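Enquirer: sequence and predicted model, in that order:
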Amino acid sequence: MKKTLLATTALVGASLLAAPANAGTVGSKDQMNVTLGGIFWFSAYLKDEDVSTLNRGVGFTVSESEVWFGASATADNGIKYGVNIELNGGAADGTAADEAWAFLDSDAWGRIELGDQDDATNRMQLGAWNAAKGAGGPFGGLGDLNTVFGGAGSDALQARADWQVLTTSDATKATYFSPRFSGFQIGASWTPDSGAASGGAAVADSDSDGDLENVFGVSANYVGKFDNVGVGVSVGWEGGTDETAGGAENEDLSVFGVGGRVDFAGFTVGAHYRDYGDTFLTAAQTAAGADSGNQWSVGAGYQAGPWGVSAWYLKGEKDNSTLTSAAGATDTEIVRYGLGAGYAVAPGWALRAELTFLKHDNPTTAAGVGGTTDNDGKGFLLVNRFVF
């Protein structure tokens, strides 16, 4: 099945939003103005893990490297429009492009995005990750799990706090964001095929190749401030049809989540809860007692000038099929927690560190199938993050 997470995570997307304005701006004759920027992460890690996909306990990696091109202009009627393209820059990257999308933006009716980009549910969610000051926190992904521990296997729904783990990620879609009124905003996305991204794959992909079909995501959030206290809350749902490579239907994709954060005097506290319904399971597995479970996390952080520190805790659990699970492995539980720190060394250069502990009880070998090999581990990650 092609339900594999694309290289860029929501964590990377969040870092782009927080990045300084791109310095490289040039004209394009009578067309759009063009901007140039990018990121480069050099990571070093130490880790000790019972069940490992990496043979050594120490390593270096370029965990992320991208070059960003943007082009934008404003029409006579005031509508802003443009194109953004993110190119992978690492020697080991298997694809040239990461994300590519066009946008139309109006103060009156909102923003439309067309192309390869994360959907509205992923980008509007709030939660424990908003408090993280280190390398990854509860998000995991390139900021922690993928770099240090080699991923979370088939338990990624419970182990990672990305909304779109194994759903649509950067697949080609249409997304709408409303204007923000009195702190409120809504967003919606439609992805015809979760395997379609860049280069016309939306036309070439079959309806029976193991991808998710007609995925709709709807989300809303509120961001405001009361005296010196900042408050944010979010709610979102994503659903679609799940088909096997042979064309048979699994249970429908259905993910629901709520989250929020509070900021005061340099402190941030965040939390989220998510329910995965029967996502990725077969009808036979759900009939035998399996479900895709739920996940929650909490985090707290403090920022003082260039320094920041944080702590967080994440737990996910689910029921496995009694027909296919090994004896005593009908429940899976995923726990991760850690401490993070960050320091802004100079403009465009930051150091981020994370100490992470994980405990996976009865991790599944396939959706709804429980195993008996538990996994405990701990790891330290130090990342040089450069933004230009």
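Expert: Done, it's in.
Enquirer: show me where this protein has helices.
Expert: Using DSSP state H, the helices of the chain run over residues 10-18, 120-124, 156-159, 201-204, 283-287.
Enquirer: where in the stretch 201-350 of the chain is pLDDT low?
Expert: 201-210, 245-248 (pLDDT under 70).
Enquirer: which residues of it fall in strands?
Expert: Per DSSP state E, counting those that start in this stretch, the stretch 201-350 of the chain carries strands over the ranges 212-226, 229-242, 253-264, 267-275, 294-304, 307-319, 331-346, 349-361.
Enquirer: what residues sit buried inside the first one?
Expert: Neighbour-count burial for strand 212-226, counted by 16 or more other CB atoms under 10 Å, picks out 212-213, 215-223. The way it works is simple: take the backbone N, C-alpha and C, and place the C-beta from them, glycine included.
Enquirer: just put the residues you listed in CSV and tack on distance to residue 266.
Expert: Formatted as CSV, the buried residues of strand 212-226 follow (distance: CB to CB, whole Å):
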residue, distance to residue 266
212, 41
213, 46
215, 39
216, 39
217, 33
218, 34
219, 28
220, 28
221, 22
222, 22
223, 18
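Enquirer: among those, which two are most distant?
Expert: The most widely separated members of the buried residues of strand 212-226, counting by CB to CB, are 213 and 223 (32.8 Å).
Enquirer: out of everything not next to it in sequence, what's closest to residue 38?
Expert: Distance criterion CB to CB, 6 or more residues apart in numbering; nearest residue to residue 38, sequence neighbours excluded, is residue 67 at 4.3 Å.
Enquirer: tell me the contacts of the residue nearest to residue 260 when sequence neighbours are not counted?
Expert: The shortest distance from residue 260 to any non-neighbouring residue, by CB to CB, 6+ apart, is to residue 233 (4.1 Å). Residue 233 is in contact with 126, 221-222, 258-260, counting by CB atoms under 8 Å, 6 or more residues apart in numbering.
Enquirer: ok, now with 10 Å
Expert: Contact analysis of residue 233 by CB atoms under 10 Å, 6 or more residues apart in numbering lists 126, 183, 220-224, 258-262.
Enquirer: what of residue 79?
Expert: 73, 104-109 are the contacts of residue 79 under CB under 10 Å, 6+ apart.
Enquirer: now, of those, which are buried?
Expert: 104-105.
Enquirer: now, which of the contacts of residue 79 sits nearest residue 309?
Expert: The closest of those to residue 309 turns out to be residue 105 (CB to CB; 36.3 Å).
Enquirer: any idea how far residue 130 is from the residue lying closest to that closest one once chain neighbours are set aside?
Expert: Nearest residue to residue 105, sequence neighbours excluded (CB to CB, 6+ apart): residue 80, at 4.1 Å. Residue 80 is 27 Å from residue 130, where distance means CB to CB, to the nearest Å.
Enquirer: before we move on, what about residue 179?
Expert: In this structure, residue 179 and residue 130 are 22 Å apart, going by CB to CB.
Enquirer: how about the strands of the stretch 201-350 of the chain in JSON lines, adding distance to residue 153?
Expert: Shown next, in JSON lines, are these (distance: least, CB to CB, whole Å):
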{"stretch": "strand 212-226", "distance to residue 153": "19"}
{"stretch": "strand 229-242", "distance to residue 153": "19"}
{"stretch": "strand 253-264", "distance to residue 153": "19"}
{"stretch": "strand 267-275", "distance to residue 153": "19"}
{"stretch": "strand 294-304", "distance to residue 153": "15"}
{"stretch": "strand 307-319", "distance to residue 153": "13"}
{"stretch": "strand 331-346", "distance to residue 153": "10"}
{"stretch": "strand 349-361", "distance to residue 153": "8"}
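Enquirer: which one of the ones you listed lies closest to residue 370?
Expert: Residue 370 lies closest to strand 331-346 among those, at 5.9 Å (CB to CB).
Enquirer: quick one, that closest one and strand 294-304 angle?
Expert: 20 degrees (axes from the mean of the first three to the mean of the last three CA atoms, to 10 degrees).
Enquirer: which helices and strands does strand 331-346 pack with?
Expert: For strand 331-346, the contact count by 3 or more CB pairs under 10 Å, 6 or more residues apart in numbering; DSSP states H and E identifies helix 156-159, strand 294-304, strand 307-319, strand 349-361, strand 369-370, strand 375-387 as packing neighbours.
Enquirer: tell me the buried residues in that strand?
Expert: By neighbour count with 16+ other CB under 10 Å, strand 331-346 contains the buried residues 332-342, 344.
Enquirer: for residue 117, give me phi and psi.
Expert: phi -160, psi 150 (degrees, to the nearest 10).
Enquirer: for it, grab the count of nearby residues.
Expert: Around residue 117 there are 29 other residues, counting by other CB atoms under 10 Å.
Enquirer: surely it meets residue 111?
Expert: No. Assessed by CB atoms under 10 Å, residue 117 is found out of contact with residue 111, at 11.7 Å.
Enquirer: which one, of the strands of the stretch 201-350 of the chain, ends up nearest to residue 281?
Expert: strand 229-242 (8.7 Å).
Enquirer: what angle sits between the closest one and strand 253-264?
Expert: 170 degrees.
Enquirer: which positions in strand 229-242 come out as buried?
Expert: 231-236, 238-240, 242.
Enquirer: same deal with stretch 296-312?
Expert: Using 16+ other CB under 10 Å as the test for burial, stretch 296-312 gives 296-301, 303, 308-312.
Enquirer: ok, the contacts of residue 233 vs residue 84, which is closest?
Expert: The nearest member of the contacts of residue 233 to residue 84, counting by CB to CB, is residue 221 at 22.1 Å.
Enquirer: report the beta-bridge partners for residue 361.
Expert: residue 333 (DSSP bridges).
Enquirer: what is the burial count for it?
Expert: Neighbour count for residue 361, taken as other CB under 10 Å: 16.
Enquirer: from residue 116, how far out is residue 169?
Expert: Separation of residue 169 from residue 116 (CB to CB) stands at 9 Å.
Enquirer: same question, residue 384
Expert: Separation of residue 384 from residue 116 (CB to CB) stands at 28 Å.
Enquirer: so these two - more neighbours on which side?
Expert: residue 116 (25 against 14).
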